[in-house]
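In: My questions concern the predicted model and sequence given below.
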Amino acid sequence: MEHHADLIVIGAGQSGLATAALAPRHGFARTLVLEAADQVGGSWPRYYDSLTLFSPARYSSLPGMRFPGDGDRYPTRDEVVDYLRAYARHLDADIRTSTTVTSVLPRDGAWVVRTDDGAELTAPTVVAATGAFHSLYTPDVPGREQFDGRSLHAADYRSPEPFTGQRVVVVGGGNSAIQIAAELGTVAETTLASRRPIGWVKQRPLGRDVHWWFKHTGFDIAPLSRMLEKVPVSVLDDGHYRAALTAHGVERREMFTRLTPDGVMWANGTKEPADVIVWATGYRLTYPYLDGSGALDTDGRPRHHGGIATMPGLGFVGIEFQRSFSSNTLRGVGRDAAHVLSRLCRSR
């Protein structure tokens, strides 16, 4: 079988780009990157307008290219997008955008990758780096079908102006929920609903950004993935967001028990009207193009150990807590990519 590449990477977000950047160091001379969107950058271009990283620029770089500017500042969404696009331009890889992978199946000791335009590509090694952004998660709350207001996931939220004067409930207790609720509070009557109290973490304990402590204590790379999956969500804050919630009257309440036609019902039985529900409830990892490949379990989750699939020649990069606390972050995804590529290279 003639191979179109030594390595096919699916996804041109931070995970796929880091994998493509490191591929030549691990013996993959011809790398092909397939991206469904019309530009590289993964989910970053589609996040809400005001998104700001919680990690400083000096801890937000991919392998081989420093994040530009003041290392102590917290980059915006658009700065990250610009960085990823500049990063892609320097890669020794064939990057094809507007190319959706429809299936990846093993055949004759290699992998056959089919795309939506009818192409059939082959390679002995494939890395799935598409992440979870396309699989939006919202909890199954009673009454959802009866709710007459607007319901949207945080992935579809862009800015607060369209919600001016409305009554909004933001669901979630993570960084995105806090950022969105804080800015909605400036224009709308906003409530934050979460299953647990917000786990506030100081952004700069003892005068150092928390990411400095993560690095210098070794916590960032500690192999604690199974334990970390059970740790409650925490929110990094230098005091700005907590103060904004208070200043704009955004109350945090225990998660409502059901939706009503005109709002929500809280745990104490009281009802509150709401025009909009914003679900900042995250994503679920899915790989529909691997259906039928044998690489997924019965629930559709990847069978892997630290990103190395149980099937030869297949790897994953970009899974939260894949190998450490910093997996699936700009600062940590390169370490996972290097680990996966080194193992895949040795198994060829």
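Out: Received the coordinates, thanks.
In: For the stretch 51-200 of the chain, just list every one of the helices.
Out: Assigned by DSSP state H, counting those that start in this stretch, the helices in the stretch 51-200 of the chain fall at 77-89, 175-184.
In: What are the phi and psi values at Y283?
Out: For Y283, the backbone dihedrals (degrees, to the nearest 10) come out as phi -140, psi 170.
In: before we move on, the earlier item: can I get the helices of the stretch 51-200 of the chain in TSV with mean neighbour count, distance to A155 and mean pLDDT?
Out: Glycine gets a C-beta too; all of them are placed from N, C-alpha and C. Converted to TSV, the helices of the stretch 51-200 of the chain look like this (neighbours: other C-beta atoms under 10 Å; distance: least, C-beta to C-beta, whole Å; pLDDT from 0 to 100):
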stretch	mean neighbour count	distance to A155	mean pLDDT
helix 77-89	18	13	97
helix 175-184	24	9	95
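In: now the ones you listed as CSV including distance to I308?
Out: Formatted as CSV, the helices of the stretch 51-200 of the chain follow (distance: least, C-beta to C-beta, whole Å):
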stretch, distance to I308
helix 77-89, 25
helix 175-184, 29
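In: Quick one, which of the ones you listed gets closest to G269.
Out: G269 lies closest to helix 175-184 among the helices of the stretch 51-200 of the chain, at 23.8 Å (C-beta to C-beta).
In: Give me the contact list for that closest one.
Out: The set of residues external to helix 175-184 that reach it, using C-beta atoms under 8 Å, 6 or more residues apart in numbering, is 48, 50-52, 54, 154, 157, 159-160, 163, 168, 170-171, 190, 192, 194, 198, 235-237, 241, 244-245, 248, 250, 278, 280.
In: Please pick the buried ones from these.
Out: Neighbour counting by 16 or more other C-beta atoms under 10 Å classes 48, 51, 54, 154, 157, 160, 163, 168, 170-171, 190, 192, 194, 198, 235-237, 241, 244-245, 248, 250, 278, 280 among the contacts of helix 175-184 as buried.
In: Tell me which of these fall in strands.
Out: The members of these that map onto strands under DSSP state E are 168, 170-171, 190, 192, 194, 235-237, 278.
In: and these as a markdown table, adding distance to Y87 and pLDDT?
Out: Listed next are those as a markdown table, based on distance: C-beta to C-beta, whole Å; pLDDT from 0 to 100:
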| residue | distance to Y87 | pLDDT |
| --- | --- | --- |
| V168 | 36 | 98 |
| V170 | 32 | 98 |
| V171 | 34 | 98 |
| T190 | 36 | 98 |
| L192 | 35 | 97 |
| S194 | 35 | 95 |
| V235 | 28 | 86 |
| L236 | 24 | 82 |
| D237 | 29 | 84 |
| V278 | 31 | 98 |
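In: Pick out whichever of those sits closest to G318.
Out: Using C-beta to C-beta, these come closest to G318 at L236, 21.0 Å.
In: What does the pLDDT read for the nearest residue to the closest one once chain neighbours are set aside?
Out: In space, and not counting its chain neighbours, L236 is closest to F54: 4.3 Å by C-beta to C-beta, 6 or more residues apart in numbering. pLDDT recorded at F54 is 88.
In: Please give me every residue in contact with F54.
Out: Applying C-beta under 8 Å, 6+ apart to F54 gives the contacts 74, 175, 203, 236.
In: Let me see the contact set for the first one.
Out: By C-beta under 8 Å, 6+ apart, Y74 lies in contact with 52-57.
In: and if you look at the third one?
Out: Under the criterion of C-beta under 8 Å, 6+ apart, the contact list for Q203 reads 54, 209-210, 236-239.
In: Just send those residues back as JSON lines, with distance to D140 too.
Out: Shown next, in JSON lines, are the contacts of Q203 (distance: C-beta to C-beta, whole Å):
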{"residue": "F54", "distance to D140": "29"}
{"residue": "D209", "distance to D140": "38"}
{"residue": "V210", "distance to D140": "34"}
{"residue": "L236", "distance to D140": "29"}
{"residue": "D237", "distance to D140": "30"}
{"residue": "D238", "distance to D140": "35"}
{"residue": "G239", "distance to D140": "35"}
